[in-house]
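J.: Please find the sequence and the predicted model below.
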Amino acid sequence: MIVDLLVALLLLASGVLVLTAAVGLWRLPDFFLRMHAPALASTLGSWAVALASVLHLTASSGRLALHHWMIIIVLSITAPITTMLLARAALFRKRAGERLASRQDAP
């Protein structure tokens with residue numbers, strides 16, 4: 001009973017975090033700011049879902065089920081790298097656009 005309540009609370013917290021990320025995408029004005037909200041919230045939401053899964057499977061089977069942590073380890077490694085690569089690509093495009101605009105302004 002207590003485990004089910006904890007699992008439900010963790011899944012609800014994950015949903016609130018993802019909703020917060022969606023609001024951040026909608027409200028923030030710049031691409032770089034829009035990247036920040038979902039990167040953090042989705043990582044925390046994923047951690048909450050994985051912890052809920054571990055708790056549920058551990059309570060169901062009667063033994064410690066840690067194989068779901070592999071998903072979180074992979075997400076924790078790849079999410080920041082992907083975010084950094086997206087930011088670098090956007091910065092490169094922005095600078096290339098500024099150089100192109102400055103060349104068009106020259107006589």
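T.: Sure thing, it's come through. Numbers count the residues shown, from 1 in each chain.

J.: drop to CA atoms for contacts and neighbour counts, all remaining ones
T.: OK.

J.: do you know how far residue 56 is from residue 65?
T.: Per Cα to Cα, to the nearest Å, residue 56 is found 9 Å from residue 65.

J.: Spatially central residue for this structure, please.
T.: Taking Cα atoms, centre = their mean, the centroid of the chain lies closest to residue 42, which sits 2.7 Å from it.

J.: contacting residues for it?
T.: Residues in contact with residue 42, defined by Cα atoms under 8 Å, 6 or more residues apart in numbering, are 17-18, 21.

J.: Just the pLDDT for it.
T.: Looking at residue 42, its pLDDT is 80.

J.: do the same with residue 11
T.: What the model reports for residue 11 is a pLDDT of 95.

J.: before we move on, the earlier item: check which helix or strand the residue nearest to the centre of the chain maps to.
T.: Element membership of residue 42, judged by DSSP states H and E, is helix 31-61.

J.: Which elements pack onto the next helix-or-strand element following that helix?
T.: Note on helix 31-61: by DSSP H and E, the next helix or strand toward the C-terminus is helix 69-105. Counting by 3 or more Cα pairs under 8 Å, 6 or more residues apart in numbering; DSSP states H and E, the packing neighbours recorded for helix 69-105 are helix 31-61.

J.: ok, and for the helix it packs on, which residues are buried?
T.: Neighbour-count burial for helix 31-61 flags 34-38, 41-57 (criterion: 16 or more other Cα atoms under 10 Å).

J.: which stretches of the protein aren't confidently modelled?
T.: Residues of the chain meeting the criterion pLDDT under 70: 99-107.

J.: ok, now which ones touch the closest residue to residue 49 other than its chain neighbours?
T.: Counting by Cα to Cα, 6 or more residues apart in numbering, residue 49 lies nearest to residue 11, which is 5.8 Å off, once chain neighbours are set aside. By Cα under 8 Å, 6+ apart, the residues touching residue 11 are 48-49, 52.

J.: contacting residues for the closest residue to residue 28 other than its chain neighbours?
T.: Residue nearest to residue 28 in three dimensions, not counting chain neighbours: residue 34, with 5.7 Å by Cα to Cα, 6+ apart. Residues near residue 34 by Cα under 8 Å, 6+ apart: 24-25, 28.

J.: if you look at those, which of them are in helices?
T.: 24-25 (DSSP state H).
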